[in-house]
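A.B. asks: Okay, sequence plus prediction incoming.
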Amino acid sequence: MLIRWDPADVPAALDQLIVEHPEIFTGPDALPDRPVPFRMRLVDADVPPEILIHPSVEQAQAGFIRELARGLPLNARTRNYKDCSARLEVAVAITPVRVLSGERSPAELRVIAEELGLPWLRSFTAFRHESPSHAILRMTPDEKARALAETYAAVDRAACTPPSPGPVADTIAVVHRLRELFPGDHGILLAICMNLFHLEPGQAMVTPAGCMHTYLSGLAMVVMSISENALKVGLTKDYINVDELQQILATEQTGPAPLPVTQADSFRERIPLWSDELLLERAVLDETPRDIQLGRFTVVLAALGDAEITVGDTTTPIDQGSKVLYLGDPVKAQVRGPAQLFVASRS
């Protein structure tokens, strides 16, 4: 049974399907409470999303209990923890993607500070008591404004003699990308301190807890565990709890870890997720019909084109950016593009 995918609809849809179509499930009494423990979405960084940080499960549990004891409503604008879970996040590049994540090494930050002539960054790299990211978070509004003015002036000067590829050239490109979109936002200062990673189509990465991250450009598919715990750090006008960020921001941020991508056959690749019972595949399709296996609970997302999926006698179109959910016993389905399909399932 294929239905349009909305995580909030799954429990009701599952109950209805068991009642109306008992033949599609074997042993419905053994169905898990959360049959699809993940979400999938496309991230189009035409405008980079806010810089986020995910707490660890221990931090999420402690924060949720702490805010619950304070009587803070779950829908409060100032609430940081909506649940007790950690959000795990895996991204797969669909087009070339640039990712800002973690914090650069002290050596690289010193090079950037000296070659661009940034007094604010030079002072933070000389003061070893805390990381530059922590120092930026506690800057006053006036200090942030001065640091941004220094940075813009330095980048404009560097335009006359562009540096060779490396951290300085990356910093100039990052500032040029963000200054028009987020004028006056301290997230630009944080972005200067963050590692810049390049992902080619099909490459995958996982973002650890306590690590600042955002997508600077490109199109990616992101699959994450079901949790609302993502604290905003910068590039946003929304509420930012600096005190809480100081607590959960890791002192040493190594950035995302690459994930191995294995070739399943001529058109499919497999990417590991955070649990052995979860499977993620990327299928690059033309108009030739191809067979894929659907697990008992499977989400199919289309990217870079429209696709269609056929299960039994039912063919369902999947528009670019849309998702469908398959619920039923494992089955072989037929798919065709041209598109890229991401197929995430639970065994």
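C.D. replies: Yes, it's here.

A.B. asks: The helix or strand residue 279 falls within pairs with which strands, and in what direction?
C.D. replies: Using DSSP states H and E, residue 279 falls within strand 278-285. Partners of strand 278-285 in the sheet, by DSSP bridges, are strand 268-271 (antiparallel), strand 339-346 (antiparallel).

A.B. asks: now the helices for the stretch 151-300 of the chain?
C.D. replies: Ranges of helices in the stretch 151-300 of the chain, per DSSP state H, counting those that start in this stretch, are 167-179, 187-193, 242-248.

A.B. asks: Over to the stretch 1-150 of the chain?
C.D. replies: With DSSP H, counting those that start in this stretch as the criterion, the stretch 1-150 of the chain has helices spanning 10-20, 57-69, 106-116, 119-126, 132-137, 141-158.

A.B. asks: Return the fifth one as CSV; C-alpha atoms alone will do.
C.D. replies: Output in CSV follows, covering the C-alpha atoms of helix 132-137 (Å, rounded to 0.1, in the frame of the first residue of the first chain):
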residue,chain,number,x,y,z
PRO,A,132,36.8,31.0,19.0
SER,A,133,33.2,29.7,18.5
HIS,A,134,32.5,30.0,22.2
ALA,A,135,34.1,33.5,22.2
ILE,A,136,31.9,34.7,19.3
LEU,A,137,28.7,33.5,21.0
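
A.B. asks: could you check the distance from the residue lying closest to residue 117 once chain neighbours are set aside over to residue 122?
C.D. replies: For residue 117, ignoring the flanking residues on the chain, the nearest one in space by C-beta to C-beta, 6 or more residues apart in numbering is residue 154 at 5.4 Å. No exception for glycine: its C-beta is placed from N, CA and C like everyone else's. Separation of residue 154 from residue 122 (C-beta to C-beta, to the nearest Å) stands at 11 Å.

A.B. asks: The two: which has the busier surroundings?
C.D. replies: The residue with more neighbours, out of residue 154 and residue 122, is residue 154; 20 against 16, by other C-beta atoms under 10 Å.

A.B. asks: need the contact list for residue 89.
C.D. replies: By C-beta atoms under 8 Å, 6 or more residues apart in numbering, the contact set of residue 89 is 54, 206-207, 222-225.

A.B. asks: Could you report the neighbour count for residue 288?
C.D. replies: Neighbours around residue 288, by other C-beta under 10 Å: 10.

A.B. asks: what residues are up against it?
C.D. replies: For residue 288, the contacting residues are residue 336, by C-beta under 8 Å, 6+ apart.

A.B. asks: just so I know, which of the strands paired with strand 278-285 lies nearest residue 184?
C.D. replies: For residue 184, the closest of those is strand 339-346, at 36.7 Å, according to C-beta to C-beta.

A.B. asks: quick one: contacts for residue 320?
C.D. replies: Neighbour list for residue 320: 302-306, 339 [criterion: C-beta under 8 Å, 6+ apart].

A.B. asks: what's the farthest-apart pair in the contacts of residue 89?
C.D. replies: Spatially, the most separated pair among those is 54 and 223, at 13.9 Å (C-beta to C-beta).

A.B. asks: From the contacts of residue 320, list the buried ones, please.
C.D. replies: Burial by neighbour count, judged by 16 or more other C-beta atoms under 10 Å, picks out 302-304, 339 from those.

A.B. asks: which one among those residues gets closest to residue 252?
C.D. replies: Closest approach to residue 252 among the buried ones among the contacts of residue 320 (C-beta to C-beta): residue 303, at 34.1 Å.

A.B. asks: Tell me what that closest one is bridged to.
C.D. replies: Under DSSP bridges, the beta-bridge partners of residue 303 are residue 340.

A.B. asks: Can you read off the pLDDT for it?
C.D. replies: For residue 303, the pLDDT comes out at 96.

A.B. asks: from what I can see it touches residue 321, true?
C.D. replies: Yes - Residue 303 is within contact range of residue 321, at 7.1 Å (criterion: C-beta atoms under 8 Å).

A.B. asks: Quick one: mark the members of the contacts of residue 89 that sit in strands.
C.D. replies: Those of the contacts of residue 89 mapping onto strands are 206-207, 222-225, per DSSP state E.
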